[in-house]
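In: predicted structure and sequence below. I'll ask about it afterward.
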Amino acid sequence: MTAHKQGDPTTINRLYGRSRGHKLRKSQQQLVDELLPQIAVPSEGEITSERLFGDERPLHLEIGFGGGEHLAYRADLLPDHGFIGCEPFLNGVATALAHVREQHLANIRLWRGDALDVLRRVPDGSLGFVYLLHPDPWPKARHSKRRMVNDGPIDLIAAKMRPGGELRIATDHPVYLDWALMVMARHAAQFAWLAEKPSDFLERPGGWPATRYEAKAVREGRRAYYLRYRRAD
């Protein structure tokens, strides 16, 4: 498979497709209209823990949170940490807002749009965890440059993570798995792969809940893979 060098991460184009699905129910639209403005990531300026939550706390970023179940689980598990969720798909945002309301999660901020817009505005060295779970695989070779796991985005993520921070990637797509392993191997100086034995990437680690997309993959006979990388000092 041919590698696609992305160059300067500040020039990366958006890496997602459609942003809207079926019409929202009335209750979902109300959440988007009323709750989202209260917990939305600011559209301009630097994005810091103090600006979002009023204090200094560890920051987590989830890129493409889908329906928000993983984001909500982790935020509930770590109430003294701050979580930023990025998702361009409106229906997913509405579902995540329902989790925030029902679970009374005060430590989540949401961005409806491209995660790259947020990443560029986060100070270098400020993210403790970054999650990229079951991203669109863009399986055709001509679309490979749109994958989030590419040299430009990974360089950007590396710059924004603190030493010792953890990047978690999950996929059920063999093409994406091979691609991710290849790209991340090129970034071994920035990220150390934490797998020492097959079970380390074939079994979901503790504290890492299943998502609806993973459940769908299992029902359809596909295996999920779990990749964990530690940001080098």
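Out: Yep, that arrived.
In: the residue lying closest to residue 202 once chain neighbours are set aside bridge partners, please.
Out: Among residues not flanking residue 202 along the chain, residue 225 sits closest, at 6.9 Å (Cβ to Cβ, 6 or more residues apart in numbering). In short, each C-beta sits where N, CA and C put it, glycine included. Taking DSSP bridges as the rule, residue 225 bridges to residue 171.
In: residue 225: neighbour count?
Out: Counted by other Cβ atoms under 10 Å, the residues lying close to residue 225 total 20.
In: begin at 47 from now on, thanks
Out: All right, first residue 47 from here; so that's residue 271.
In: how far away is it from residue 80?
Out: 39 Å (Cβ to Cβ, to the nearest Å).
In: how far away is the residue in the chain sticking out farthest from the centre from residue 81?
Out: Within the chain, the residue lying farthest from the chain centre (Cα atoms, centre = their mean) is residue 72, at 27.6 Å. From residue 72 across to residue 81, the span is 14 Å (Cβ to Cβ).
In: next one: stretch 214-226 to chain centre, how far?
Out: The chain centroid and the centroid of stretch 214-226 are separated by 14 Å under Cα atoms, centre = their mean, to the nearest Å.
In: check which residues of it are buried.
Out: For stretch 214-226, the neighbour count (16 or more other Cβ atoms under 10 Å) marks 214, 215, 216, 217, 218, 219, 221, 222, 223, 225, 226 as buried.
In: now swap in stretch 224-238 and tell me
Out: Quick answer for stretch 224-238 (16+ other Cβ under 10 Å): 225, 226, 227, 229, 230, 233, 236, 237.
In: let's have the residues you listed in CSV, adding secondary structure.
Out: Putting these into CSV (DSSP: H, G, I helix; E, B strand; the rest coil) gives the following:
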residue, secondary structure
225, helix
226, helix
227, helix
229, helix
230, helix
233, coil
236, coil
237, strand
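In: list phi and psi for the residue farthest from the centre of the chain.
Out: Residue 72 adopts backbone torsions of phi -60, psi -40, taken as degrees, to the nearest 10.
In: give me the pLDDT for it.
Out: With respect to pLDDT, residue 72 scores 91.
In: hey, where'd the helices end up in this protein?
Out: Using DSSP state H, the helices assigned to the chain run over residues 72-76, 82-85, 95-99, 115-123, 136-149, 161-165, 197-206, 220-232, 245-248, 258-265.
In: hey, least reliable of those by pLDDT?
Out: Among the helices of the chain, helix 258-265 scores lowest, at a mean of 88.
In: and the angle for that one with helix 136-149?
Out: Orientation note: helix 258-265 sits at an angle of 110 degrees relative to helix 136-149 (axes from the mean of the first three to the mean of the last three Cα atoms, to 10 degrees).
In: run through who's touching helix 258-265.
Out: 112, 113, 115, 179, 180, 216, 218, 269, 270 (Cβ atoms under 8 Å, 6 or more residues apart in numbering).
In: who does the most centrally placed residue in the chain bridge with?
Out: With distances taken as Cα atoms, centre = their mean, residue 109 lies nearest the centre of the chain, 2.1 Å away. Taking DSSP bridges as the rule, residue 109 bridges to residue 132.
In: wait, it sits on residue 161?
Out: Yes: at 4.2 Å, residue 109 and residue 161 qualify as touching, with contact defined as Cβ atoms under 8 Å.
In: what do the two both touch?
Out: Counting by Cβ under 8 Å, 6+ apart, the residues touching both residue 109 and residue 161 are 132, 194.
In: circling back: distance to residue 149 added to the buried residues of stretch 224-238, as CSV?
Out: Output for those, formatted as CSV (distance: Cβ to Cβ, whole Å):
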residue, distance to residue 149
225, 34
226, 31
227, 35
229, 35
230, 33
233, 35
236, 34
237, 31
